[in-house]
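1. sequence plus predicted model, see below.
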Amino acid sequence: MDEVDKNYHFRFPENNLDNSSQLCDLDILSCLSLNPRKNINKLLRKFPNIRKLRSSLNLDQGCEYHVAMDCLSHLESLSLSCVVYGGDRYQLDFQFPLTIKKLTLSYFRLPWSKMAAIGNLPNLEVLKLLKQAFEGEIWEMEAEKFPSVRFLKLASLNIVKWTASSEYEYEDQYYFPRLQKLVLESCDALQEIPSCLGNSSTLEIIEVSKCPNCTSSLEEIQEEQRSNGYTDLKILIS
């Protein structure tokens with residue numbers, strides 16, 4: 001049913017999908033290459049019980065895409081990267097399954113406003129935004145709360161200010177209420193990290209590498225932690 005190209009990416013046949021059988025026993029699939037111009041939803045339904053998926057999306061400049069993956073009702077781990085032909089400007093919307101526990105994105109260069117599709121996934125525990133996954137100097141968290149995220153990694157992004165809107169912050173429902181570990185790597189311009197992380201009783205460690213401009217913001221978070229009686233937070237800077 002599938003063939004392998006020279007880069008070892010699976011390419012499912014674009015014709016005769018209606019007559020091809022479902023791979024109901026398929027549990028893990030890596031190196032799948034998807035083209036949103038085709039019927040992705042019909043293709044994804046060929047492996048309805050997949051739990052782990054690593055895939056690339058092939059996009060064209062100037063086009064609009066809606067990638068609905070919510071038909072994968074058993075999906076727990078998803079890693080997506082982006083390949084853009086003819087430039088890097090396009091419109092893309094995601095619809096993720098609510099079952100996702102681990103999500104990794106890279107090279108999409110999405111505006112931070114698209115975070116709304118991720119921020120309230122109820123079971124998401126691990127979130128990695130890597131290598132230009134999002135683009136823009138300011139990420140202001142609003143209604144998205146990341147209710148179950150325990151591990152967050154931001155790496156190789158051009159972000160300058162990462163803030164939280166006080167309009168959506170309530171005493172009983174802070175952003176990242178279960179966050180345990182935050183990793184910041186190669187975000188050279190990053191200057192501000194949300195001060196509300198200082199209110200987190202679950203935060204155990206912040207690892208920082210090649211982010212030379214956020215020291216002051218980190219000190220404020222640690223001081224806020226101490227004022228709230230949380231003395232176990234470790235901040236490791238290299």
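-> Yep, that arrived.

2. ok, now which ones touch residue 177?
-> By Cβ atoms under 8 Å, 6 or more residues apart in numbering, the contact set of residue 177 is 145, 147, 200, 202. Placement of C-beta: from N, CA and C, glycine included.

3. in three-state terms, label residue 149 for me.
-> Under DSSP: H, G, I helix; E, B strand; the rest coil, the three-state class of residue 149 is coil.

4. contacts only, for it.
-> Counting by Cβ under 8 Å, 6+ apart, residue 149 touches 124, 125, 126, 127, 176, 178, 179.

5. just to revisit the earlier point, would you mind giving the contacts of residue 177 as TSV with distance to residue 138, pLDDT and neighbour count added?
-> As requested, those are exported to TSV (distance: Cβ to Cβ, whole Å; pLDDT from 0 to 100; neighbours: other Cβ atoms under 10 Å):
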residue	distance to residue 138	pLDDT	neighbour count
145	19	90	19
147	23	94	16
200	22	89	23
202	26	94	12
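
6. could those be laid out in TSV, adding secondary structure and distance to residue 53?
-> As requested, the contacts of residue 177 are exported to TSV (DSSP: H, G, I helix; E, B strand; the rest coil; distance: Cβ to Cβ, whole Å):
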residue	secondary structure	distance to residue 53
145	coil	25
147	coil	23
200	coil	30
202	coil	29
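
7. for these, which one is nearest residue 238?
-> Closest approach between the contacts of residue 177 and residue 238, by Cβ to Cβ: residue 200, at 22.4 Å.
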